[in-house]
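> output the structure for:
(one chain, ligands or ions: 3)
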Amino acid sequence: MAGLVTTFGAGAMTNSIGEIRDVDFLFVIGSNTSEAHPIIAMEMKRAVHRGATLVVADPRSIWMSTIADTHLSLHPGTDVALLNALAHVIIEEGLTNEAFISANTEHFEAVRDAVLEYTPERGEEITGVPAEKIRKVARAYATTKKAGIYYTLGITEHSHGTDNVYALSNLVLMTGHLGYASTGLNPLRGQNNVQGANDAGASPVFYPGYERVDDAQAQAKHEEAWGVNLSSKPGYNLNEMMKKAGEEVKAFFIMGEDVLLSEPNVSRLEAGLNDVEFVVMQDIFLNETARFADVIFPAACFAEKEGVFTNSERRVQLVRKGVEPPGEAKPDWEILVALANACGANWDYQSASEIYDEMAKHASKFSGISHKRIAERSLGLQWPCETKDSEGTVFLHEHGVLRGKGQFQAVQYRPSLELPDEQFPLIMSTGRTLYHYNAATQTRRDSGTNAKQPEAFVEMHRFDARTRGICDGEMVSVWTRRGKIECRVIVSKQVKKGCIWMPLHFAEARANLLTNDVGDAVTGTAEYKVCAAQIARLEPETPRPERFPGSFCRDSEPV
Ligand SMILES: Nc1nc2c(c(=O)[nH]1)N[C@H]1C(S)=C(S)[C@@H](COP(=O)(O)OP(=O)(O)OC[C@H]3O[C@@H](n4cnc5c(=O)[nH]c(N)nc54)[C@H](O)[C@@H]3O)O[C@H]1N2
Ligand SMILES: Nc1nc2c(c(=O)[nH]1)N[C@H]1C(S)=C(S)[C@@H](COP(=O)(O)OP(=O)(O)OC[C@H]3O[C@@H](n4cnc5c(=O)[nH]c(N)nc54)[C@H](O)[C@@H]3O)O[C@H]1N2
Ligand SMILES: [Mo]
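Ligands and ions are numbered 1, 2, ... in the order given. Sure thing, here's the model as predicted:
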């Protein structure tokens, strides 16, 4: 999700994690880095200690904002207005990098015209961020040579997520902050090996190595290599597939995904799944989705199999088996090979290494990588790595923008699709916490993490709590147009007035019963970060527990 392909390359960090410590200006936008990417946050802290300027753009007062030089506390969903206003200042004050723009980019004029009306004052009106702060940040970003942008789901999980990414790319291209160490545009990838899965073609649009399925040459190459006829039509994305469940989509093979916890507007999905004829699930645990499965294949977990993982900085590393899988569990690839052969294929792969070699042979970005070569290097190899004598690529675009010219994309601010009204006056946003991992199939089975955060909660501002007669730690019900859940409330300074926030992790109070399943027009990524909600105290009054761990800046003063 965080890996939307930008206007100048594949969806991966343009730089390496180790370069962050030398960045002089860090722009962290829509990323709760210290909770969701703590190792990367450590490098950011190191840079700040060294004297780097940190700017955090986030509607919540996340921990990173406490060490930031400036916190741009924008209203949820207003990033395009903020970013266009930054671009406006950079252009108005003559801070663009003309040499870079003319040598490496196209369509600058379109963006210059589009951002004209986004004065910092107009930006302030839409985002709530003071115009002077916008000016200060624009100047500092444009005039600092080593300036890096780091973003994740606060940018992508919106109906206008693609516009957000384009608006960020525009800033990079107009300042020329690309193509050298400690700068660039860096989406921090989410799940372990989500980068590797995308690289390997787990996408409706790409073959392995980011060749498009609707590119006739790529199609011909793969038809020949694989000895099968292939379609040139991109498949449905996740959001489309889920919406067609039970109608056009009659069967599902769900591997390593707990859709009943993680997909938006999940009651609609459940209704669809009731009409699906056949569901196969391949997982390491019986998750929520198991309720709908006709067949379950038990998979081996990361420590029980051989293979590679690729992280956000495009680094492919070897993972070796530490322990044997329990019971009948098998590595995912072995299950898939057995299934293919049961369906009549004739596959005889003997190892994960052989499978990687076959993929790399036809995907030039990885052609120089093999299990054998990675085994000889403790840090693996970073793609692009096209030949057997290449040592890989630390940062992208060193010799001019890859794939031709960087395309400027003019974008206009469009409000989120479900805004607060009288009936649903609060903006609800969702995300993750340090202690749990996504569907929490793993972290809620662990006594340590579970003790740290044992139950579902919603965070709200003290003003909104007071006007509803709600006290910190009480049980509340939270509802939207799509559903209702019950959980505890944390009165917290972390959220703004008018906003509530809750984690997606808890099966007994699924945030996704409430979220909106409208998707971004290009990627289909759902608007998990903004919908309209209401909250009320549950009667009868519930006793407040002695100790209730939650957000780091819980508001403990009496409401
Ligand atoms: N501990 C832990 N770590 C994880 C995960 C986990 O579950 N637990 N999950 C992993 C996965 S799969 C992913 S994708 C990553 C995600 O990593 P993040 O994207 O950092 O995680 P989120 O909690 O979704 O937080 C996004 C941030 O965006 C902010 N935000 C919300 N709306 C807006 C907006 O409109 N504009 C801006 N500018 N900001 C906004 C939120 O307040 C939040 O601070 O984390 C990965 N790491
Ligand atoms: N409301 C809301 N919803 C969200 C988000 C949000 O911010 N807000 N974020 C979204 C994002 S970014 C993501 S990535 C998704 C994540 O959502 P999911 O992908 O559904 O959740 P995960 O916990 O990452 O893992 C899914 C399953 O993989 C299994 N698994 C782990 N290791 C293996 C393995 O080696 N093999 C197999 N076969 N299975 C394995 C786990 O047991 C688990 O059941 O949630 C999305 N949903
Ligand atoms: Mo993710």
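
> residues in the stretch 1-150 of the chain within reach of ligand 1, list them.
The interface of the stretch 1-150 of the chain toward ligand 1, taken as Cβ under 6 Å from any ligand atom, is made up of 1-2, 29-32, 35-37, 57-60, 62, 76-77, 79. Every C-beta, even on glycine, is put in place using the N, C-alpha and C of the backbone.

> now with 5 Å?
Neighbours of ligand 1 within the stretch 1-150 of the chain, by Cβ under 5 Å from any ligand atom: 29-32, 36, 57-58, 60, 62, 76-77, 79.

> for Pro331, list the residues it contacts.
Applying Cβ atoms under 8 Å, 6 or more residues apart in numbering, we find Pro331 in contact with 299-300, 304-307, 325, 352.

> what subset of these is buried?
Buried residues within these, defined by neighbour count using 16 or more other Cβ atoms under 10 Å: 299-300, 304-305, 307, 325, 352.

> so which of the residues you listed would you say is closest to Tyr528?
The shortest gap between Tyr528 and any of the buried ones among the contacts of Pro331 belongs to Ala299, at 26.2 Å (Cβ to Cβ).

> got the contact list for the closest one?
The contact partners of Ala299, taken as Cβ under 8 Å, 6+ apart, are 255-256, 282-284, 329-332, 335.

> kindly report the same for Val478.
Residues near Val478 by Cβ under 8 Å, 6+ apart: 428, 458, 484-487, 500, 502, 514, 533-535.

> on that earlier part again, narrow the contacts of Ala299 to those that are buried.
Judged by neighbour count, with 16+ other Cβ under 10 Å as the criterion, the buried members of the contacts of Ala299 are 256, 282-284, 329-332, 335.

> from those residues, which land in strands?
With strands taken from DSSP state E, the overlap with the buried ones among the contacts of Ala299 comprises 282-283.

> ok, Gly18 to Phe395 distance?
Separation of Gly18 from Phe395 (Cβ to Cβ, to the nearest Å) stands at 10 Å.

> looking at those two, which one has more neighbours?
Neighbour totals were compared for Gly18 and Phe395, and Phe395 leads with 21 against 13 (other Cβ atoms under 10 Å).

> assumed that one was part of a helix.
No. If the criterion is DSSP: H, G, I helix; E, B strand; the rest coil, then Phe395 is coil and not within a helix.

> grab the nearest non-local neighbour of it.
Nearest residue to Phe395 in three dimensions, chain neighbours excluded: Asn15, at 4.6 Å (Cβ to Cβ, 6 or more residues apart in numbering).

> what of Asp520?
Counting by Cβ to Cβ, 6+ apart, the residue nearest Asp520 is Gly161, at 4.4 Å.

> need the contact list for the residue lying closest to Asp22 once chain neighbours are set aside.
Spatial nearest neighbour of Asp22, chain neighbours left out: Ser182 (4.4 Å); criterion: Cβ to Cβ, 6+ apart. Contacts of Ser182 were listed using Cβ under 8 Å, 6+ apart, and they are 15, 19-20, 22-24, 146, 148.

> please identify which pair of the residues of the stretch 1-150 of the chain next to ligand 1 lies farthest apart.
Ala36 and Gly77 (19.4 Å).

> these two - which one has more neighbours?
Relative neighbour count places Gly77 above the other of Ala36 and Gly77, with 27 against 19, counting by other Cβ under 10 Å.

> the more buried one is in contact with Cys531, isn't it?
No. With contacts counted by Cβ atoms under 8 Å, Gly77 stays clear of Cys531, the gap being 10.2 Å.
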